[in-house]
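> the sequence and its predicted three-dimensional model are supplied below.
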Amino acid sequence: MRTFPVIREAALVLAHMPNLVRYGSKPFREVQQSNGELLARLRPRLRDYAAALAYLPNQVFLGNAAPEALKEADRPWYAKPVPEARRFGAFGEIMPEEEFYCLLRRADQFDLLWLREEFLRQAEPQLREHPLLAAAGAGEGAGGTKPKGRDLAAILAQIERGAAMPLEHGGEVVGCIRRAHEIDPSLWCEVLLENLATKASGALALRHLLQRLEVEPGAVSYLLSCSEEAVGDRYNRGGGNLAKAIAEEVGCVNASGSDVKAFCAGPVYALVHAAALVQAGVFENVVVVGGGSLAKLGMKCMGHLEKEMPILEDCLAAMAFWVGPDDGRSPRLRLDAVGKHNVSYGASPQGMLEALVVEPLRRHGLGLCDVDRYAVELHNPEITEPAGSGNVPRANYRMLAAIAAMRGEIERGDIDAFVARRGMVGFAPTQGHVPAAVPYVAHALPALREGRLRRAMFIAKGSLFLGRMTQLADGMSFILEAREEVA
């Protein structure tokens, strides 16, 4: 029987960053246009760490609860905190803001991010007790040096002359992010903070992945980053290599890497690329990593403010996946059943699903009911609905069920049952690439190993037209399949 690469393990992490919500793309623009009035409205609606920790979708994301828990729980979830919620979960953790600020500082090799000496004295000891950062050298500054604290007066001077943006915590300025060039917008404060946030969160996810696998960083052969940042300068905007930067940060000294860009579909593309590289024998293993998207914080904030809700888009989300050769145990990524959205298909939602679901299944004589669970865009509906974006996963699942009914695979009266059995409630933060199906990989792996699932299909769509270079939509899918002995 033909062998295929496997996904051995996955890691998912959150960093609760309420005081960075103001620097998300939407709030940042709205705050400027309102002369700060919006910022005054946002601040009272920001959640504290305990509220973010006890938020059920976050606990599902971390693996402390199954996606099915969301079906059973009444909404609004934000008003019903999870009792005894845990920071660390089966897949990763939710890190508090003060610790992640320190991670940002440690990921900074160019003295861009300044933190107050008093703040560092309080926050750094917390980070040194972190189980993944306690090892010698882990989390030190560039070159293994201790992060240097700054005087508040020096920080405020940078901010007042327009050379830096403030970083706040606990109602006060605790630092700043400085620009690296006066006239190159690719190196201005907001872009550099976005890139640093992606690097630091991606590195945290990779550390959790290595811990789950019980392997050393030196075992990694190659990294692919599927993040949404645009590292570069005015001569090559977006051309940078964050994968290698993350590899360096974590100590993957035997790895190289590169970035995969495909808008929201990037993680699925990256996992398919990783599996192909392993299958071809180019690399022994490939890690796919996706850091958080600062630009997406507070993206739906106006709807949340209007509904007098807390600002729910306050977490950076990151993920990491280990792809390797068949190990005789892990679920296989079926490279012969990859779905792709050809240029000729057009942009209709039905056409997209025909290309990404029906066609790859048809090639192998399978129908839509031969897949036990579909993972689509897993946006948390409690975030999207108040802003008028609807329930994205449910809409996709109903369309899949309608296609199954049109093909005669189910009765029209069974559409709701199809959705209930093969779909799930969205639980991922609206971080662009993060909700695109793959957070469910972490949940699917044990279910496939234990025989609770036979096949899971992961479907991601991308909006290429956002770059103003084409009117095309995009998408890709793949199937994870249990081994025959447990299927």
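Now that the structure is in, tell me what you want to look at. The model shown is predicted, which means the values in this text are computed figures rather than measured ones.
> what bits of the chain have low per-residue confidence?
Residues of the chain meeting the criterion pLDDT under 70: 1, 135-147, 485-487.
> so which residue is smack in the middle of it?
residue 434 (3.3 Å; CA atoms, centre = their mean).
> that one touches residue 315, doesn't it?
No - in this structure, residue 434 is not within contact of residue 315 by CB atoms under 8 Å, at 10.0 Å. Glycine gets a C-beta too; all of them are placed from N, C-alpha and C.
> quick one: the helices in the stretch 1-150 of the chain, in order.
With DSSP state H, counting those that start in this stretch applied, the stretch 1-150 of the chain shows helices at 25-33, 37-42, 49-53, 56-62, 68-72, 97-107, 117-128, listed in chain order.
> let me fix that, I meant to ask about the stretch 301-450 of the chain.
Using DSSP H, counting those that start in this stretch, the helices assigned to the stretch 301-450 of the chain run over residues 301-306, 349-353, 359-362, 381-384, 392-406, 415-422, 439-449.
> may I have the fourth one as CSV, with CA atoms only?
Think helix 381-384. Extracted in CSV, the C-alpha atoms of helix 381-384 (Å, rounded to 0.1, in the frame of the first residue of the first chain):
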residue,chain,number,x,y,z
PRO,A,381,-19.7,33.2,15.7
GLU,A,382,-19.9,35.2,18.9
ILE,A,383,-17.3,37.5,17.4
THR,A,384,-18.6,37.7,13.9
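> what is it packed up against?
Helices and strands touching helix 381-384, by 3 or more CB pairs under 8 Å, 6 or more residues apart in numbering; DSSP states H and E, are helix 392-406.
> by how many degrees do the helix it packs on and helix 415-422 diverge?
With axes from the mean of the first three to the mean of the last three CA atoms, to 10 degrees applied, the angle from helix 392-406 to helix 415-422 works out at 120 degrees.
> give me the contacts around helix 392-406.
349-350, 353-354, 357-358, 367-369, 374, 376-379, 381, 384, 410-412, 414-416, 418-419, 422-426, 435, 459 (CB atoms under 8 Å, 6 or more residues apart in numbering).
> stretch 24-32 too?
21-22, 38-39, 42, 190, 294-302, 313.
> now that stretch: how far from the chain's centre is it?
21 Å (CA atoms, centre = their mean, to the nearest Å).
> following the chain onward from the helix or strand where residue 208 lies, which element is next?
Element membership for residue 208 (DSSP states H and E) is helix 189-213. Next helix or strand after helix 189-213 toward the C-terminus (DSSP H and E): strand 222-225.
> what packs against the helix or strand following that next one?
Per DSSP H and E, the first helix or strand lying C-terminal to strand 222-225 is helix 242-250. Other elements packing on helix 242-250 under the criterion 3+ CB pairs under 8 Å, 6+ apart are helix 189-213, strand 222-225, strand 256-259.
> same list (those) but as a markdown table, adding distance to residue 362 and mean neighbour count.
Conversion of the helices and strands packed on helix 242-250 to a markdown table gives the following (distance: least, CB to CB, whole Å; neighbours: other CB atoms under 10 Å):
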| stretch | distance to residue 362 | mean neighbour count |
| --- | --- | --- |
| helix 189-213 | 34 | 25 |
| strand 222-225 | 29 | 27 |
| strand 256-259 | 33 | 18 |
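> tell me which of those lies nearest to residue 123.
helix 189-213 (14.0 Å; CB to CB).
> chain center to that closest one, what's the gap?
10 Å.
> now do stretch 161-178: distance from first to last residue.
Using CA to CA, to the nearest Å, the end-to-end distance of stretch 161-178 comes to 11 Å.
> any buried residues in that stretch, and which?
Neighbour counts over stretch 161-178 (16 or more other CB atoms under 10 Å) mark 164, 165, 166, 167, 168, 169, 173, 174, 175, 176, 177, 178 as buried.
> do the same with stretch 76-89
By 16+ other CB under 10 Å, the buried positions in stretch 76-89 come out as 77, 78, 81, 82, 85, 89.
> what do you get for stretch 280-287?
283, 285, 286, 287.
> my guess is the third one meets residue 223, correct?
Yes - the pair formed by residue 286 and residue 223 meets the contact definition of CB under 8 Å, at 7.3 Å.
> what is the neighbour count of residue 94?
25 (other CB atoms under 10 Å).
> partner residues bridging the nearest residue to it once chain neighbours are set aside?
With sequence-adjacent residues excluded and distances taken as CB to CB, 6 or more residues apart in numbering, residue 94 is closest to residue 14, at 4.1 Å. Beta bridges link residue 14 to residue 94, residue 317 when assigned by DSSP bridges.
> so residue 55 touches residue 82, yeah?
Yes - between residue 55 and residue 82 there is a contact under CB under 8 Å: 7.3 Å.
> quick one, what contacts residue 263?
Listed by CB under 8 Å, 6+ apart, the contact set of residue 263 reads 228, 432, 433, 462, 463, 464, 466, 467, 474.
> rerun at 7 Å
With contact set as CB atoms under 7 Å, 6 or more residues apart in numbering, residue 263 has these partners: 462, 463, 464, 466, 474.
> Serialize those to CSV and add fields for distance to residue 116 and secondary structure.
Formatted as CSV, those follow (distance: CB to CB, whole Å; DSSP: H, G, I helix; E, B strand; the rest coil):
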residue, distance to residue 116, secondary structure
462, 41, strand
463, 40, coil
464, 43, helix
466, 38, helix
474, 44, strand
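> give me the buried subset of the residues you listed.
Members of those classed as buried by 16+ other CB under 10 Å are 462, 464, 474.
> nearest to residue 185, of those?
residue 464 (23.1 Å).
> for the closest one, give its distance to residue 261.
As defined by CB to CB, to the nearest Å, residue 464 lies at a distance of 10 Å from residue 261.
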